[in-house]
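**Q** just coords:
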């Protein structure tokens, strides 16, 4: 009987280890999780806004030739400025995309019910 008691205690402890591990995953710091969700949400909104600015800049470049009141040097200067703007926006979009992917990798996968 004395040898069976420690054996039973070990089996009981080992059988409950998966339950403890599951509780640890499910009880991730809720504040930290919520902050990550907010950061991801803000990053996605910023990405959306930057991509829309890229679209609007390209549209302005396409419509530049339809502006009759601009002289050719002014039109060239405006195209250069719009091109520089587009490059900055595309660079920023790539940065935001990378940040969003990093946040998404750190977030736990939601369970489908």
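**A** Received it, and whenever you're ready, just let me know what you need. Just so you know, these numbers come straight off a predicted model, no measurement behind them.

**Q** number of nearby residues for residue 89?
**A** Using other C-beta atoms under 10 Å, the number of residues around residue 89 comes to 20. C-beta: built from backbone N, CA, C; applies to glycine.

**Q** do residue 84 as well
**A** By the criterion of other C-beta under 10 Å, residue 84 has 11 neighbours.

**Q** got it, and residue 47?
**A** Residue 47 sits with 18 neighbouring residues when counted by other C-beta under 10 Å.

**Q** cool, residue 64 as well?
**A** Counted with other C-beta under 10 Å, residues neighbouring residue 64 total 14.

**Q** distance of it from residue 78?
**A** 6 Å (C-beta to C-beta, to the nearest Å).

**Q** shared neighbours of these two, which are they?
**A** residue 70 (C-beta atoms under 8 Å, 6 or more residues apart in numbering).

**Q** can you list the residues that contact stretch 63-76?
**A** Contacts for stretch 63-76 (C-beta under 8 Å, 6+ apart): 78-79, 82.

**Q** can you check stretch 33-43 too?
**A** When contacts are defined by C-beta under 8 Å, 6+ apart, stretch 33-43 is touched by residues 96, 99-100, 103-104, 106-108.

**Q** after the helix or strand bottoming out on mean pLDDT in the chain, next one along is what?
**A** Within the chain, judged by mean pLDDT, DSSP states H and E, the helix or strand with the poorest mean is helix 4-26; its value is a mean of 55. Beyond helix 4-26 on the C-terminal side, the first helix or strand identified by DSSP states H and E is helix 30-63.

**Q** quick check: buried residues in that following helix?
**A** Taking 16 or more other C-beta atoms under 10 Å as the basis for neighbour counts, the residues of helix 30-63 that come out buried are 36, 39-40, 43-44, 46-47, 50-51, 53-54, 57, 60-61.

**Q** check contacts around residue 50.
**A** With contacts taken as C-beta under 8 Å, 6+ apart, residue 50 has the following neighbours: 89, 92-93, 96.

**Q** about what we covered before: now, the contacts of stretch 33-43 that are in helices?
**A** 96, 99-100, 103-104, 106 (DSSP state H).

**Q** for the protein, give me the ranges with low pLDDT.
**A** Low-confidence segments of the chain, defined by pLDDT under 70: 1-28, 108-113.

**Q** brilliant, that's me finished.
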